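1. Predicted structure and sequence below. I'll ask about it afterward.
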There are 2 protein chains.
Amino acid sequence: MRNEALPDLPRRILMGPGPSDVHPRVLAALARPTIGHLDPAFVALMDDIKALLRYAFRTENDLTIAISAPGSAGMEACFVNLIEPGDSVIVCINGVFGGRMKENVERCGAKAIVVEDPWGEPVDPVKVQAALKANPGVKAVAFVHAETSTGVASDAGAICRLAQAAGVLSIVDTVTGLAGIPVEVDAWGADAVYSGTQKCLSCPPGLSPVTFGPRAVEALKNRKTKVQSWFLDLSLVTAYWGDKGGGSRTYHHTAPVNALYGLHEALVMLREEGVEASVKRHAAMHAALVAGFEAMGLSMKVDAAVRLPQLNVVEIPASVDEAAIRRQLLSLYNLEIGAGLGAWAGKVWRIGLMGQSASPTHVLTCLAAIESALQGAGAAINLGKAQPAARAALGS
Amino acid sequence: MRNEALPDLPRRILMGPGPSDVHPRVLAALARPTIGHLDPAFVALMDDIKALLRYAFRTENDLTIAISAPGSAGMEACFVNLIEPGDSVIVCINGVFGGRMKENVERCGAKAIVVEDPWGEPVDPVKVQAALKANPGVKAVAFVHAETSTGVASDAGAICRLAQAAGVLSIVDTVTGLAGIPVEVDAWGADAVYSGTQKCLSCPPGLSPVTFGPRAVEALKNRKTKVQSWFLDLSLVTAYWGDKGGGSRTYHHTAPVNALYGLHEALVMLREEGVEASVKRHAAMHAALVAGFEAMGLSMKVDAAVRLPQLNVVEIPASVDEAAIRRQLLSLYNLEIGAGLGAWAGKVWRIGLMGQSASPTHVLTCLAAIESALQGAGAAINLGKAQPAARAALGS
């Protein structure tokens, strides 16, 4: 045990699957003096956060709040509030996080009907439609909009519309999606959507924005059983967060006050930039990074039409010790990139361009560092091509 | 919606039931640049936090970590990991948080056998012993060591020893206790203990330190059913936090990196002061506050022998509009104190002397502000007596 104040903390460039780099404004907000979780000034801040989250999610949903725990608790909040023992849920799996949804459904005492698509491909709406037809009476369709394990975007609007047409709830994971690709909760007709703070919002991890539409609220009201989690029971949590009109607040749990200062600041920054501009920036940085990798001779793992701009999956040249390369990137460049997961472990890197990490500097630095590390490892790459290609794409 | 960076945030003196005042060192730690949750430097910091938490809890328990959510999630983590459907649990209720334990037990599909004591009194070990005899086969005894709703300390050692003698697990809530009164996890033979960060550790809210002893770990391993919460499943969470010897880490959820920076710093500060010295300081500040209130003519609600020094429950003089007084304390003195809960609403104030808020300045400022507000409200109090009494008690 080292009895020292925060020893040896490095300053990293965060280009993994999240957390992303946090802006100094957000870091400064975290350090503002703590006030009480029922202080009128804090309640006003919570109202601001709800309004700002509605802006980010593109929704008018009253029940739009931040769960006081990371994204996986946001996922769990959606399932435990909407799913009861004996229910059936269509769960679309095309990566790690779809599999986690299945775990959640089963731990609610419900049955998961799995619609599977291969890693690297989006959820197939045709299969979802077939599953809906074959399974009348299912309670919900759950899917991942932006799969962080594979870098694939699925067509959330199409799947939500199928669910709505079948009179079934939709549960959407957009932890990595929000502010990086278009998220249109109301236009999609999505019923329950959750996200995280440490991806394209560029906050530290620890909170999970969640929004429930009218049908989801109705389902929550009509439950026959109590929500199995007291901490995540939204009928209690929302008594603390209040409704759209403000109103009185009932103590439930003690909110993570300083973390919410940070989220507030990050959301204000998103509004200053504009959510459309943020999405455009992610797309532009992605194009430049891909141009650089392809010029270097590396291949992107995912088809261009369904790639997430904020999570770039690049194939590792054969015979390279990829873990050694990542260690070198960390030690020499202070650069964190992500390893492959599951069947893709050792075969791909996952390179995040999320929030503050979606910048020209990040793109160019990452390309330079990886080129140098691969050169040192003796990999067959085109030297000196990546930077000009990326700079051309950036128009700089 | 105000599109401004953290508008109008006041600087408060926090003397409610938590959060308490956060030291600038801890606030500064929160603002350190975010690094990855699997970064070797962060893994080393997690190892430090585990060791520092063992120091605070007075335990050698391997499974000693911080749950990535507030104290109520720490409570839930203990119940969902140890209690299975069909189990019976003796739940001691002498305030709000015992009642919340009962909710947790029932939401696990288990039966709560309630041992009740009146508000303002500690849990009666004689009743616990009787309940253990009358209910062979119960899985656990659950109780609150430091009841934040009533300001009462119960004899945790006595109750844990009864549980152990009966071959039953003990589940102990010491959210408000840790670092404010003696917490001796190993000496008590306690099996599962949880706390919070925003009380006597003087961190912002958002994390819940938890420790599981060998019998609790064994019960977790021998479960017949999966833990109903994926997010709080300690068999998965601990694969990320690692064991005492360090070792490899498996991604579970993304840890709240910056919040853990803050907890680390607060724990380092506790170690610098020493946990015994911290306990002594809380007792001394409590004595001074009580001396002041009694000199003013106010009465403490709880018997001196079982009072929590860190949570002082004082009776409000008759015919005083207590909410108006609290509003005045907030607006004129920036001072937050707590209202009464449940049956005690409107009858008492709950005044915290926790962590950084257990200081002579806090004691004297609080007494001065309350004296002035009560004088303004026309309450029958002894003017000019509180400060000298408190200063005499402080030896200043």
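-> Looks like it came in fine.

2. And the strands in the stretch 51-200 of chain A?
-> A:63-67, A:88-93, A:111-116, A:140-144, A:146-147, A:152-153, A:169-173, A:192-194 (DSSP state E, counting those that start in this stretch).

3. who does the second one touch, helix- and strand-wise?
-> So the one you mean is strand A:88-93. If you count contacts as 3 or more Cβ pairs under 8 Å, 6 or more residues apart in numbering or on different chains; DSSP states H and E, strand A:88-93 packs onto helix A:96-107, strand A:111-116, helix A:125-134, strand A:140-144. Just so you know, the C-beta spots here come from the backbone N, C-alpha and C atoms, and that holds for glycine as well.

4. Do the shortest one and chain B come into contact?
-> Going back to what we said before, that points to strand A:140-144. No: in terms of Cβ under 8 Å from any Cβ of the partner chain, no part of strand A:140-144 sits within range of chain B; the closest distance is 13.6 Å.

5. what are the pairing partners of that strand, and which direction each?
-> strand A:88-93 (parallel), strand A:169-173 (parallel) (DSSP bridges).

6. So which residues make contact with stretch A:332-345?
-> Applying Cβ atoms under 8 Å, 6 or more residues apart in numbering or on different chains, the contact partners of stretch A:332-345 are A:10-17, A:96, A:119, A:149-150, A:301, A:313, A:322-323, A:326, A:329-330, A:346-352, A:365-366, A:369-370, A:373, B:35-36, B:39.

7. Could you tell me how far that stretch lies from the centre of the chain?
-> Distance, stretch centre to chain centre, for stretch A:332-345: 17 Å (Cα atoms, centre = their mean, to the nearest Å).

8. in that stretch, what's buried?
-> Within stretch A:332-345, the residues that count as buried by 16 or more other Cβ atoms under 10 Å in any protein chain shown are A:333, A:335-341, A:344.

9. Switch those residues over to JSON lines; also include secondary structure, pLDDT and distance to A:Glu294.
-> Formatted as JSON lines, the buried residues of stretch A:332-345 follow (DSSP: H, G, I helix; E, B strand; the rest coil; pLDDT from 0 to 100; distance: Cβ to Cβ, whole Å):
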{"residue": "A:Tyr333", "secondary structure": "helix", "pLDDT": "97", "distance to A:Glu294": "21"}
{"residue": "A:Leu335", "secondary structure": "strand", "pLDDT": "98", "distance to A:Glu294": "20"}
{"residue": "A:Glu336", "secondary structure": "strand", "pLDDT": "98", "distance to A:Glu294": "23"}
{"residue": "A:Ile337", "secondary structure": "strand", "pLDDT": "98", "distance to A:Glu294": "17"}
{"residue": "A:Gly338", "secondary structure": "strand", "pLDDT": "98", "distance to A:Glu294": "20"}
{"residue": "A:Ala339", "secondary structure": "strand", "pLDDT": "97", "distance to A:Glu294": "21"}
{"residue": "A:Gly340", "secondary structure": "coil", "pLDDT": "96", "distance to A:Glu294": "19"}
{"residue": "A:Leu341", "secondary structure": "coil", "pLDDT": "93", "distance to A:Glu294": "23"}
{"residue": "A:Trp344", "secondary structure": "helix", "pLDDT": "95", "distance to A:Glu294": "19"}
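
10. and which of these is nearest to chain B?
-> Of all these, chain B sits closest to A:Glu336, with 4.8 Å by Cβ to the nearest Cβ.

11. give me the beta-bridge partners of that closest one?
-> In beta-bridge terms (that is, DSSP bridges), A:Glu336 pairs with A:Leu14.

12. any idea how far it lies from A:Arg281?
-> According to Cβ to Cβ, to the nearest Å, A:Glu336 stands 21 Å off from A:Arg281.
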